[in-house]
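>>> take a look and give me a structure for this.
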Amino acid sequence: MDNRTVEVIIPAYRPDERFNRLIERLTQQTHLPQRILVMNTEESLWKQAPVCRSAFEAGHTAGGVPLALVHLPQEEFDHGGTRDRAAAMSQADVLLFMTQDAVPADEYLIERLLAQLGDNTGGAVAAAYARQLPDKKCSPLERYTRSFNYGEKSRIKSARDLPELGIKTYFCSNVCAAYVRSVYEAMGGFEKQTIFNEDMIFAAKLIKAGYKIAYAADARVVHSHNYTGKQQFKRNFDLAVSQADHPEIFADVRSEKEGVRLVKSTAAYLCRHGRPYLLPKLIWQSGCKYLGYFLGSRYRALPKRVVTACSMNRKYWKNKVF
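Numbering: from 1, shown residues only. Reported below is the predicted structural model:
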């Protein structure tokens with residue numbers, strides 16, 4: 001039996017019913033978390049949301065698990081900084097970061113993530129992330145993308161995998177990812193003041209420091225989005241911005257090759273399964289992704305008003321100098 005303590009950290013913004021299911025599933029785990037800490041953006045929005053507010057606000061426990069709630073104003077939210085602020089409040093052995101819309105598929109999520117993690121010594125697995133399954137309302141394109149990015153086989157990644165996997169060596173998703181807290185702190189935690197991609201940036205630092213990252217395919221959450229072409233554009237714009245701001249990590253492992261491989265593989269899948277009518281939609285969405293990435297990687301050459309319009313995280317640019 002693994003005796004390590006685990007704290008679950010969940011940033012929240014306008015949480016919906018999936019948040020309720022997430023909390024319920026977390027309190028049914030075979031390895032219960034020591035505490036669930038929610039970092040909510042805008043207290044007024046929390047009070048309007050259809051979520052289990054009373055238990056959090058009273059400091060009650062759910063299923064024997066203590067609940068904690070911290071409110072912060074929208075201007076203080078930062079993808080890396082907010083999570084790091086929550087990590088500093090924890091004394092648990094393992095930090096499990098999740099998003100408000102990722103629902104554990106079963107009661108073994110925490111147990112199976114823990115099974116992948118090593119100790120705090122160099123060369124050990126310092127982070128493990130879960131497989132993301134599509135929900136029932138997921139579109140065929142997004143369903144295939146999930147299977148492409150989150151396959152059935154687990155894998156432990158290290159610097160030795162860079163020639164084969166390229167940028168996917170650094171892939172790690174805070175939709176559901178666990179970190180050894182002592183290593184997290186020793187490495188300085190997540191990047192502060194980052195628009196996006198704090199998980200991959202930190203994962204790359206782990207790899208470069210000699211640690212390993214585990215993809216735990218048997219640790220599963222239900223999480224997917226049906227993004228429009230415009231949303232895909234904005235998301236990839238922000239992704240490229242985060243990479244452009246960290247050339248020390250991403251300059252030698254570009255994303256374009258992996259993107260092309262996904263498009264080709266998806267097109268073949270649609271043709272094999274009698275859905276060639278979805279090819280125009282695939283081409284449209286892929287074009288939106290590429291254009292967003294192309295402009296985001298060159299954002300410093302664009303007027304600030306254009307950058308703000310292209311970004312999914314517009315408030316990030318308020319005090320950004322470039």
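>>> residue ranges with poor pLDDT in the stretch 201-322 of the chain?
Along the stretch 201-322 of the chain, the model assigns pLDDT under 70 to residues 254-256, 321-322.
>>> ok, which stretches of it are strands?
212-222 (DSSP state E, counting those that start in this stretch).
>>> and the stretch 51-200 of the chain, by the same measure?
Under DSSP E, counting those that start in this stretch, the stretch 51-200 of the chain gives strands at 61-62, 65-72, 94-98, 103-104, 125-133, 155-157, 176-180.
>>> can you tell me which of those strands is nearest to residue 46?
Minimum separation from residue 46 across the strands of the stretch 51-200 of the chain (Cβ to Cβ) falls at strand 65-72, 6.7 Å. Where you see a C-beta, it was placed from the backbone N, CA and C, and this is true even at glycine.
>>> show me where the stretch 1-150 of the chain has helices.
17-26, 43-48, 53-57, 79-87, 109-116, 140-149 (DSSP state H, counting those that start in this stretch).
>>> which parts of the last one are buried?
When neighbours are counted by 16 or more other Cβ atoms under 10 Å, the buried residues of helix 140-149 are found to be 140-147.
>>> before we move on, what about the second one?
When burial is assessed from 16+ other Cβ under 10 Å, helix 43-48 yields the following buried residues: residue 46.
>>> can I get that helix as PDB, trimmed to CA atoms?
Only the C-alpha atoms of helix 43-48 are listed here, as PDB (Å, rounded to 0.1, in the frame of the first residue of the first chain):
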ATOM      1  CA  GLU A  43     -16.200  34.900  -5.800                       C
ATOM      2  CA  SER A  44     -19.300  36.500  -7.400                       C
ATOM      3  CA  LEU A  45     -19.200  33.900 -10.200                       C
ATOM      4  CA  TRP A  46     -18.700  31.100  -7.800                       C
ATOM      5  CA  LYS A  47     -22.000  32.100  -6.000                       C
ATOM      6  CA  GLN A  48     -23.800  31.900  -9.400                       C
END
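>>> which residues touch residue 21?
residue 103 (Cβ atoms under 8 Å, 6 or more residues apart in numbering).
>>> which of the helices of the stretch 1-150 of the chain has the lowest mean pLDDT?
Taking the mean pLDDT of each of the helices of the stretch 1-150 of the chain, the lowest value is held by helix 53-57, a mean of 67.
>>> gap between the residue located most distally from the centre of the chain and residue 140?
Most distant residue from the mean C-alpha position of the chain: residue 274, 32.0 Å away (Cα atoms, centre = their mean). Per Cβ to Cβ, to the nearest Å, residue 274 is found 11 Å from residue 140.
>>> repeat for residue 127
Distance from residue 127 to residue 140, by Cβ to Cβ: 31 Å.
>>> next: residue 156.
31 Å.
>>> which one of the helices of the stretch 1-150 of the chain lies closest to residue 188?
Here helix 79-87 is closest among the helices of the stretch 1-150 of the chain (Cβ to Cβ), at 8.8 Å.
>>> tell me the angle the closest one makes with strand 65-72.
130 degrees (axes from the mean of the first three to the mean of the last three Cα atoms, to 10 degrees).
>>> which strands and helices sit next to helix 79-87?
Applying 3 or more Cβ pairs under 8 Å, 6 or more residues apart in numbering; DSSP states H and E, we find helix 79-87 packed against strand 6-12, strand 35-41, helix 181-186, helix 198-208.
>>> 10 Å instead?
Counting contacts by 3 or more Cβ pairs under 10 Å, 6 or more residues apart in numbering; DSSP states H and E, helix 79-87 packs against strand 6-12, strand 35-41, strand 65-72, strand 94-98, helix 181-186, helix 198-208, helix 229-244.
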